[in-house]
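Asks: take a look and give me a structure for this.
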Amino acid sequence: MTTALLRPLALSPGMKRAGDAPLGGSALVRFRQVQDATGRVRPLTALGAATLHRLSSPRNALCGLSLDRPRIMGILNVTPDSFSDGGTLDGVAGALARAQAMAVDADILDIGGESTRPGATDVPAAEEIARTVPVIRAIRAAGLTTPISIDTRKASVAAAALEAGADMVNDVTALRYDPDMAHVVAAAGCPVCLMHSKGDPATMQNGPAYDDVTAEVFAHLADSITRATDAGIARHLIITDPGIGFGKTQDHNLTLLRDLETFHDLGLPILLGASRKRFIGTITRVDDADRRLAGSLAVALHGVNLGAQIVRVHDVTQTRRALDMACALNGVSHDH
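Replies: Residues are numbered from 1 along each chain as shown. Below is the predicted model of the structure:
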């Protein structure tokens, strides 16, 4: 893994010419220059073959989904206290109905039974299993084949969800919270999303500080990838997430979003999860989380224009319409 960060400079949509390279294998976004940690800009011809491959090669398919165009991960929280949609579903039947509606436009369903909003407290594993596993079973019993991600920090929850029909694990602690999580993922041979976070939900927003937030988040993710592969998780099954809102101030979040291209230097898919988060509400002057659609769409489209392969969102249908339009404007198939 490189230690000197390289930032491939994404071209504006529609700017294409011979010699450009796809950004992270994207059919939508290309680049022709990179910027190093000193600010020096270099053409692709100055890069070695291994470096160019790391920045531009197609990312491995996720649960059978190609990642050459952006994918939508729809958020399905079966919690009483999530910051935006907690307590809005009426039992398993309500969760199933929501899943069926979301699956019309979502590529992946991300099911979580423990809120990781700022200030949230731990939920016992048994309670988390009781919230999530019946929903996953109901989704599969209904014949819905949309890939399912289990959003959990706990190995026992991940194992139960995978057994019930989930396809991948989304761990906001990048395997750090539960020492058994890496073993569960490795044994299952399933994809895993490793997210950067600082502290735990109860304390993560208590004065987070960085000398260089992009470099530190990048290094954390690089270390997490190494920890995962050392535990037997295949590298091509790993997705990365810079963790917008997890132990970051508004300025940290904005910096990471501006520097998002840098994370292509990890050579793996990027998941961006910023939907309805507090910094969006602050900037757009919208207090109610479920009314932050406009700002959330702006951030999702920004991420896609910088090559993010997956956007994790609450507002699935509206995001699908926005991405379909972005793809059409660039002559890229938007079939779901």
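Asks: any idea where the strands of the protein begin and end?
Replies: 7-10, 21-22, 30-35, 41-43, 71-77, 108-112, 148-151, 168-171, 192-195, 238-241, 271-272, 310-313 (DSSP state E).
Asks: need the contact partners of the fifth one.
Replies: Yep, that's strand 71-77 we're talking about. With Cβ atoms under 8 Å, 6 or more residues apart in numbering as the test, strand 71-77 has contacts from 62, 65, 84-86, 89, 95, 98-99, 102-103, 105-112, 115, 135, 149, 271, 273, 275, 309-314, 316, 319-320, 323. All C-beta atoms are positioned from the backbone trio N, CA, C, and that covers glycine.
Asks: and for the closest residue to residue 165 other than its chain neighbours, the neighbour number?
Replies: Nearest residue to residue 165, sequence neighbours excluded (Cβ to Cβ, 6 or more residues apart in numbering): residue 140, at 3.9 Å. Taking other Cβ atoms under 10 Å as the neighbour definition, residue 140 ends up with a count of 14.
Asks: surely residue 140 meets residue 163?
Replies: No. If you go by Cβ atoms under 8 Å, residue 140 and residue 163 don't touch, sitting 11.1 Å apart.
Asks: ranges for the helices of this structure?
Replies: With DSSP state H, the ranges of helices along the chain come out as 49-56, 91-102, 125-141, 155-164, 181-188, 213-230, 250-258, 278-284, 293-305, 316-329.
Asks: ok, and what's touching the second one?
Replies: Spelled out, that is helix 91-102. Against helix 91-102 from outside (Cβ under 8 Å, 6+ apart): 74, 76, 78, 89, 109, 111, 134-135, 138-139, 142, 144, 146, 316.
Asks: would you mind getting the angle between it and strand 71-77?
Replies: Interaxial angle of helix 91-102 relative to strand 71-77 (axes from the mean of the first three to the mean of the last three Cα atoms, to 10 degrees): 160 degrees.
Asks: closest to residue 247 out of the strands of the chain?
Replies: Judged by Cβ to Cβ, the one of the strands of the chain that comes nearest to residue 247 is strand 192-195, at 10.6 Å.
Asks: which elements pack onto that closest one?
Replies: Helices and strands touching strand 192-195, by 3 or more Cβ pairs under 8 Å, 6 or more residues apart in numbering; DSSP states H and E, are strand 168-171, helix 213-230, strand 238-241.
Asks: contacting residues around the residue positioned nearest the centre of the chain?
Replies: Taking Cα atoms, centre = their mean, the centroid of the chain lies closest to residue 271, which sits 2.5 Å from it. Contact analysis of residue 271 by Cβ under 8 Å, 6+ apart lists 73, 193, 195, 239-241, 308-312.
Asks: could you rerun that using 7 Å?
Replies: Residue 271 makes contacts with 73, 193, 239-241, 310, 312, as judged by Cβ atoms under 7 Å, 6 or more residues apart in numbering.
Asks: relative to residue 102, how far out is it?
Replies: According to Cβ to Cβ, to the nearest Å, residue 271 stands 17 Å off from residue 102.
Asks: again with residue 75
Replies: 9 Å.
Asks: right, so the helices and strands packed on strand 192-195: which one is the most enclosed?
Replies: Mean neighbour counts were taken over the helices and strands packed on strand 192-195 using mean count of other Cβ atoms under 10 Å, and the top value, a mean of 26, falls to strand 168-171.
Asks: hang on, the earlier thing: redo the contacts of residue 271 as CSV? Include distance to residue 219.
Replies: Conversion of the contacts of residue 271 to CSV gives the following (distance: Cβ to Cβ, whole Å):
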residue, distance to residue 219
73, 25
193, 18
239, 18
240, 12
241, 15
310, 22
312, 23
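Asks: what's the most distant pair in those residues?
Replies: By the measure Cβ to Cβ, 73 and 240 form the most distant pair in the contacts of residue 271, at 13.7 Å.
Asks: now do residue 85, the pLDDT please.
Replies: Per-residue confidence (pLDDT) for residue 85: 50.
Asks: for residue 29, find the nearest of the helices of the chain.
Replies: Closest among the helices of the chain, once you apply Cβ to Cβ, is helix 293-305, at 6.4 Å.
Asks: hmm, who's touching the closest one?
Replies: Against helix 293-305 from outside (Cβ under 7 Å, 6+ apart): 10, 13, 28-29, 70, 257, 260, 272, 274-276, 280, 283-284, 286, 311, 313, 315, 318-319, 322-323, 326.
Asks: relative to helix 316-329, how tilted is that helix?
Replies: Using the same axes, to 10 degrees: helix 293-305 against helix 316-329 is 40 degrees.
Asks: need phi/psi at residue 172.
Replies: phi -70, psi -10 (degrees, to the nearest 10).
Asks: residue contacts, it?
Replies: Contacts for residue 172 (Cβ under 7 Å, 6+ apart) come out as 116, 153, 195, 197, 246.
Asks: biggest separation within the residues you listed, which pair?
Replies: Pairwise over the contacts of residue 172, using Cβ to Cβ, the maximum falls at 153 and 246, 11.8 Å.
Asks: name the nearest residue to residue 134, ignoring sequence neighbours.
Replies: Per Cβ to Cβ, 6+ apart, closest to residue 134 is residue 92, 5.0 Å.
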